[in-house]
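In: 3D, please:
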Amino acid sequence: MVEVFNINDLIYKLNAGQKSENTDNRKERTYKEVLDTIRHVISTNHSAELINVMYSEEAKEKLKNLIVRYLNQNKMSVPECDSISDLADKIYEDMAGFGILSKYITEPTVEEINVNAWNSIEVIYPDRIETLDQTFINPDDCMDKIKKMVWLGGSIVDGSAPTVDSFIGEGIRISAIIPPCVDKKTGGVASIRRQKKNVITRELMIEYGSAIPEQLDFLSLCVNNGVSLAIAGSTIR
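Out: You can find the predicted model right below:
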């Protein structure tokens, strides 16, 4: 089998070799430091590509190519990755992947995902609610994935701002809470909801049993005559 030549892997190996031979005692970058650097560059300069990876294979490849380019431009390598492809794939997953939630976030039939704790996740469909057998790795993994989802909408959730409303791409909202507003053992709490594209009409509300004609007529009279209203109860699914 003929080995395919990859110029990016060659540059990566040269950069790694230069570091191992370096005698000026510079501290070698950890994977987390490399991830944080690339994440900052990508979010600053290519936020659109980062969001589009959920909907486009072309955007995924473009983002991976951008990661490879910035790794080589900044002469970055880590001991645990032998090739730039391995490092780029790892960074890509940590930047754009949501672990066990990925397939549910992109699934059109899913209406809502409720993360009640790192080991308690519900997925809501139009006709049922499923409790997942899968969990996050641990509370820290849960909190990291929540931060990542919030970050895609241009928001930040951390110890100084532990509650936030944001979005994940077009039409998907997320409300998140992390410590200290929840117990550290929980990891984090989040509600991810897909906004419906269909319009709720008077006829549909009556058909769903959400209201009767007389109630809707009464509400119309109140609105048209400036009467204040208070509405409570669950949202319509």
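
In: How are the helices of this structure distributed by residue range?
Out: Per DSSP state H, the chain carries helices over the ranges 7-21, 31-45, 47-52, 57-73, 84-96, 102-105, 139-152, 202-208, 213-224.

In: I'd like those helices written out as TSV, with distance to Cys181, mean pLDDT and mean neighbour count added.
Out: Backbone N, C-alpha and C define where each C-beta goes, glycine included. TSV is the format used below for these (distance: least, C-beta to C-beta, whole Å; pLDDT from 0 to 100; neighbours: other C-beta atoms under 10 Å):
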stretch	distance to Cys181	mean pLDDT	mean neighbour count
helix 7-21	42	57	14
helix 31-45	24	81	15
helix 47-52	26	70	16
helix 57-73	32	85	16
helix 84-96	25	82	19
helix 102-105	23	86	15
helix 139-152	12	85	21
helix 202-208	34	86	12
helix 213-224	35	91	11
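
In: Now these in JSON lines, please, with extra columns for distance to Ala117.
Out: As requested, those are exported to JSON lines (distance: least, C-beta to C-beta, whole Å):
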{"stretch": "helix 7-21", "distance to Ala117": "39"}
{"stretch": "helix 31-45", "distance to Ala117": "25"}
{"stretch": "helix 47-52", "distance to Ala117": "27"}
{"stretch": "helix 57-73", "distance to Ala117": "30"}
{"stretch": "helix 84-96", "distance to Ala117": "22"}
{"stretch": "helix 102-105", "distance to Ala117": "17"}
{"stretch": "helix 139-152", "distance to Ala117": "7"}
{"stretch": "helix 202-208", "distance to Ala117": "31"}
{"stretch": "helix 213-224", "distance to Ala117": "38"}
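
In: tell me the centre residue of this protein?
Out: Centrality entry for the chain: nearest residue to the mean C-alpha point is Met149, 2.6 Å, by C-alpha atoms, centre = their mean.

In: List the contacts of it.
Out: The contact partners of Met149, by C-beta atoms under 8 Å, 6 or more residues apart in numbering, come to Phe98, Leu101, Ser166, Ile168, Ile174, Ala176, Ala190, Ile192.

In: Widest-spaced pair of the residues you listed?
Out: Farthest apart among the contacts of Met149 by C-beta to C-beta are Leu101 and Ser166. That separation is 14.8 Å.

In: quick one: which of these two has more around it?
Out: The residue with more neighbours, out of Leu101 and Ser166, is Leu101; 24 against 20, by other C-beta atoms under 10 Å.
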